[in-house]
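Trainee: Structure for this input, please:
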Amino acid sequence: MLTKNKGQAMALSLILMSFALMVVIFSFNASQLNLHGSKLQNTADNTAYSIATIAARDFNFKAYTNRASVANQVAVAQMVGLSSWFNMTDKFAQNACNFLCWVPYLGQVLSGIKSAVGSINSVAQPVFEALVYAEDIILQTLSVSQQIVHYAGLVSTVVTAGDIVKANDPKAKLDLLQNPQMLGDVKNLWVDFQKRHSRSNQKPNQKGTNQFQDFLTVSLDSRDSFSKSRSYKLNGPWSVSLFPLRWKTYKTGGSELISNGKYQAETWTSMDTISFHLSKFRCSWSGCRWRGYRETPLGWGATRSDSRANIRSIGSKSYWGSSRGTNRSASRYAGYEQETRGGYNGVQPFYGLSNSAKSKNTTQNIAVVVSKSQKNTRTSKTVDVGEANTNPAINEEMLGDRMTALSAAQVYYSRPYDLMISSSAWRRSDRRHEYGNLYNPFWQTRLSDSTNSERNIVLAITRFL
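Mentor: Sure, this is the predicted structure:
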């Protein structure tokens, strides 16, 4: 006799449906965790990269303004140089007229030249003075702009980082309690890695100099050929050898940045001279040779950018294109008749890398931690159904009840390699390696690997929050 068993298939179906439901829920949870985890990591990457980009732009802005400061320093050197050159030319025309204006016809020509040169010089000198004042204002503006950008970048970094997090994921947050490393890294970027250098706060580096002195050297090395040295020997009738007589005419000149003491502002000075040198070939007990070298000053001029430096008391023979060594008498007259053009206030404070950051191409990691509350991950954990022990997301408990992502970025210095391939202008002419500096705007940004210590710190902090 056969009996019918009813309900067995229904029970098996319920069991299989329960397993299927569990698979669906776990699959949903896994996909949600993966989705939110990827989005949170991207948010952390964007935030770290953005902070590094702000720092890179800060470095590059200071590099541009430092280069602009050097260029304007050279412009001041050019202005005082032109001033002294015009004064020398004016004096030369006056002396020529004093000696030769009595000569018929020639005197009339020389008198006309003297009047023309004098008129041009009287108009040019106030222009040079105004330009020196203008250049000094520009130099002070560049220095102040560096300070404004520096503190704006420092203050706005944390605020900007929070805005970036919200823009990428409104439910994520930048918890400062989780980010002591980020705050320390920001301090390192804006306080430790770079420094505002002035003549009163310098410490010697490994080479025994300081970066303010290095800036002075860069400014002097950047002078154009006119400012650096405009010394030469005149040819033709100005320099002739007719035995036993020989005469030479030397034009000397240049612009120099003079230091007035440890805590005193510097002064741009310039001198131009032209002299006639006569010698005779004579014999004596010591032998036969050219002797005498009598100097006849023909023209001279000296200009300073302010009244702090006294050209008369500066005795270096190598200054101003070796004027004092070549045309001694004319240089002495130039010192007596020195003029002041403008109100130059010396080299202004500027930002450069700190001594500890020299010979480095990379900053430390900028570590950023972004988190999201577990209730905002939209898994079955957030659904209030059943008992606690029936929740299929029981194995998805998160440390600190939050999902956390760590990212790190760096600012690094490098000449653009692709541009170096296309043009040799981007390469160093000496082919040497160039370390990071705030003279060339080649600072860039990249994501980097977080270190074990950074990850351990994040785990420890998140565990106790």
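Trainee: Any stretches of this structure with poor pLDDT?
Mentor: Residues of the chain that meet the criterion pLDDT under 70 lie in 1-36, 204-209, 290-293, 374, 376-401, 417-430, 465.
Trainee: and the residue most central in space within it, what helix or strand is that in?
Mentor: With distances taken as C-alpha atoms, centre = their mean, residue 63 lies nearest the centre of the chain, 2.3 Å away. Per DSSP states H and E: residue 63 is located in helix 8-100.
Trainee: Helix or strand next in line after that helix, which one?
Mentor: As assigned by DSSP H and E, the chain's next helix or strand after helix 8-100 is helix 106-168.
Trainee: Name the residues that touch the next helix or strand along the chain from that next one?
Mentor: Later in the chain than helix 106-168, the nearest helix or strand by DSSP H and E is strand 172-173. For strand 172-173, the external contacting residues (C-beta atoms under 8 Å, 6 or more residues apart in numbering) are 40, 43, 162, 165, 166, 370, 371, 372. C-betas here are computed from N, CA, C, even on glycine.
Trainee: Can you list phi and psi of residue 364 for me?
Mentor: For residue 364, the backbone dihedrals are phi -70, psi 170 (criterion: degrees, to the nearest 10).
Trainee: about what we covered before: can you select the buried ones among the contacts of strand 172-173 for me in PyMOL?
Mentor: To isolate the buried members of the contacts of strand 172-173 in PyMOL, using 16 or more other C-beta atoms under 10 Å:
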select buried, resi 40+43+165+370+371+372
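Trainee: Next, format the contacts of strand 172-173 as TSV and append distance to residue 462.
Mentor: TSV is the format used below for the contacts of strand 172-173 (distance: C-beta to C-beta, whole Å):
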residue	distance to residue 462
40	13
43	16
162	18
165	16
166	20
370	12
371	8
372	12
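Trainee: quick one: which of the contacts of strand 172-173 is nearest residue 320?
Mentor: Nearest to residue 320, judged by C-beta to C-beta, of the contacts of strand 172-173 is residue 162 at 57.3 Å.
Trainee: wait, residue 101 sits on residue 109?
Mentor: No: assessed by C-beta atoms under 8 Å, residue 101 is found out of contact with residue 109, at 9.3 Å.
Trainee: Quick check: the two most widely separated of the contacts of strand 172-173?
Mentor: Maximum pairwise distance in the contacts of strand 172-173, criterion C-beta to C-beta, is 14.9 Å, between 40 and 162.
Trainee: ok, then the element right after the helix or strand hosting residue 445?
Mentor: In this structure, residue 445 sits in strand 443-448 according to DSSP H and E. Downstream of strand 443-448, the first helix or strand assigned by DSSP H and E is helix 452-464.
Trainee: and stretch 351-359, how far apart are its ends?
Mentor: 16 Å (C-alpha to C-alpha, to the nearest Å).
Trainee: where's that stretch relative to the chain centroid, distance-wise?
Mentor: Remark: stretch 351-359 is offset 11 Å from the chain centroid, using C-alpha atoms, centre = their mean, to the nearest Å.
Trainee: Check which residues of that stretch are buried.
Mentor: For stretch 351-359, burial by neighbour count (16+ other C-beta under 10 Å) applies to 351, 352, 353, 354, 357, 358.
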